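Undergrad: model the following, please.
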Amino acid sequence: MRRNLGLLIISENARGLIHAISLLLCLAIIGACDYKPETFFGQRIPGLEPIPFAHDILTNQYRPHGRMTFSPDNTELYWEAFTNDKYKRAIFSSRLDDGVLSIPEFAPFADTFYYGGPSYSWDGQKIYFWSNKPHGDTIMEEYSGIWCVERQNNSWSQPELIFSDLDSPISYKSVCATKKGDLFLVAKGPDDSSPIIYISEYDEGAYKEPVPLKGDIESFSEQSDVYVDPDEKFVMFSSIVTKEKLGLTDIFISFKLDDKTWGKPVNLGPIINSEHIQRFPSFSRDGKYFFFVRMIGIPYNKADVRYYWVKAEALKDIFEKAGH
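TA: Residues are numbered from 1 along each chain as shown. Predicted coordinates for the structure are as follows:
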């Protein structure tokens, strides 16, 4: 009788254990069903190694040729790409609808002329870009200017010209806006020299004459595809003319120093730069993710050209060495 009672107790304990394990398994399954991976513009976030960003949606038809810029609420993005019309460049847009990134469309303010390099203002009420859009009666086929559109309800205003090649000895190629409204521009000099970065300060409702960045950054004779930190603590750009590059074109960073000059550019290293071409750096609005374009193969019209992204933590060592 005692032996049977002992077996009965063991049997009851086993049933209890099995019941507890079954309950935990059910809860785990329910939890797994409710789990939603973290996403950004409908894409699962990357790790510390760059991976393509929304290639099947954004870049499978038109090859990107400019950095992406994001709306403050992370529901809309704009970028530049080549169309199928020879080498025409245009601005495209895509929206996040019910967690899904929409099929790209031509930007509503971009018509039949060349457009590129879009940059949201920090408040999201303006988009700056370059274009050879006619200025009055002047057709700017061999010139470009910096333009701006303003948000009007669910659309955009007609473009307004801010800087024109016709009014300046320099030729504008791209633009990036900061929190306080300053514009960082890439432009060629009057002798058609390599492009470098200029700054136009926004003061009392007007933009000052653009001037080149000063300091050790000047050791790089080519500074293309500018991205500037919203607080103007650093700039990023691509360059092809330095011995310090790892590939055909690399991305570099220059930090603003206490004396308001810009430090010697630093290569972003092998995590970002490969033996291929890397261009058009940018960050998400919250600074969590770093984006760039990688081009594998040449010539351009036969190359594999995609946006890549990676967690900004991948660049932690570079910022820590610079004291940021």
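Undergrad: quick one, strands of the stretch 151-300 of the chain?
TA: All strands of the stretch 151-300 of the chain, identified by DSSP state E, counting those that start in this stretch, fall at 155-156, 160-164, 171-177, 183-188, 196-200, 202-203, 206-207, 211-212, 224-228, 234-239, 250-255, 266-267, 277-283, 289-296.
Undergrad: for the second one, which outside residues touch it?
TA: Read that as strand 160-164. 128, 135, 140, 143, 145-150, 172, 183, 185, 200, 207, 210 (C-beta atoms under 8 Å, 6 or more residues apart in numbering). Placement of C-beta: from N, CA and C, glycine included.
Undergrad: do the longest one as well
TA: Applying C-beta under 8 Å, 6+ apart, the set of residues contacting strand 289-296 from outside is 40, 45-46, 50, 53, 64-65, 67-68, 251, 272, 274, 276-284, 303-312, 314-315.
Undergrad: please redo it, this time with the cut-off set to 6 Å
TA: 64, 68, 276-283, 303-305, 307-310, 312 (C-beta atoms under 6 Å, 6 or more residues apart in numbering).
Undergrad: same question for the fourth one.
TA: Around strand 183-188, the neighbours that count as contacts under C-beta under 6 Å, 6+ apart are 170-177, 195, 197-200, 210, 224, 226, 228.
Undergrad: try 8 Å
TA: Here strand 183-188 makes contact (C-beta under 8 Å, 6+ apart) with 128, 146, 162-163, 170-178, 194-200, 202, 207, 210, 223-226, 228, 235, 237.
Undergrad: and that strand, which strands flank it?
TA: Take DSSP bridges as the rule and strand 183-188 pairs in its sheet with strand 171-177 (antiparallel), strand 196-200 (antiparallel).
Undergrad: just the buried residues of that strand, please?
TA: Residues Leu183, Phe184, Leu185, Val186, Ala187, Lys188 are the ones in strand 183-188 that count as buried (16 or more other C-beta atoms under 10 Å).
Undergrad: redo the strands paired with strand 183-188 as CSV? Include mean neighbour count and mean pLDDT.
TA: Output for the strands paired with strand 183-188, formatted as CSV (neighbours: other C-beta atoms under 10 Å; pLDDT from 0 to 100):
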stretch, mean neighbour count, mean pLDDT
strand 171-177, 24, 86
strand 196-200, 22, 94
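Undergrad: now these as TSV including distance to Thr112?
TA: Formatted as TSV, the strands paired with strand 183-188 follow (distance: least, C-beta to C-beta, whole Å):
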stretch	distance to Thr112
strand 171-177	20
strand 196-200	28
